[in-house]
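Peer 1: sequence? don't have it. structure:
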């Protein structure tokens, strides 16, 4: 089974982690590598982009909890981009929605991030 890809990019003061396909055990190493790359420099916000994510299993949820808590501890505002209704509900059940801002797309992300200190 091919490993899930996680890539980092930066736009303005926002670092974006793009998750492809499934978020599971195979995503762990790549996600933290991308996170460390994304957090270099002056970053005030971290966006987790789920626009191309099909499936998140329990290991993927645990990974996301760790990434979100790490970013919040680093004083970053965290966004979830492109999260479908099922995963929005799941994020609420595990408490992630209390620690991040859910936005529909990158246009909404950048509109919100300009208004966040």
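Peer 2: Thanks, I have it. What you see is a predicted model, and the numbers here were worked out from it, not measured in a lab.

Peer 1: show me what stretch 48-65 is in contact with.
Peer 2: Under the criterion CB atoms under 8 Å, 6 or more residues apart in numbering, residues 16-25, 27-28, 31, 67-68, 78-84, 87, 90, 94-96, 100, 105-106 lie in contact with stretch 48-65. In this view, the C-beta of every residue, glycine as well, is placed from N, C-alpha and C.

Peer 1: again, 7 Å this time
Peer 2: 16-25, 27-28, 31, 79-83, 87, 94, 96 (CB atoms under 7 Å, 6 or more residues apart in numbering).

Peer 1: for the helix or strand containing residue 54, buried residues please.
Peer 2: Assigning secondary structure by DSSP states H and E places residue 54 in strand 45-56. By neighbour count, with 16 or more other CB atoms under 10 Å as the criterion, the buried positions of strand 45-56 are 45-50, 53, 56.

Peer 1: and the helix or strand of the chain with the lowest mean pLDDT, what's buried?
Peer 2: Among the helical and strand segments of the chain, the one scoring lowest on mean pLDDT, DSSP states H and E is helix 106-113, with a mean of 92. By neighbour count on 16+ other CB under 10 Å, the buried set for helix 106-113 is 106, 109-110, 112-113.

Peer 1: returning to that earlier point: buried ones from the contacts of stretch 48-65, can you make that a PyMOL selection?
Peer 2: Those of the contacts of stretch 48-65 that count as buried under 16+ other CB under 10 Å are selected in PyMOL with:
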select buried, resi 16+17+18+19+20+22+23+24+27+28+31+79+80+81+82+83+87+96
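
Peer 1: now, which of the contacts of stretch 48-65 lie within strands?
Peer 2: 16-23, 79-81 (DSSP state E).
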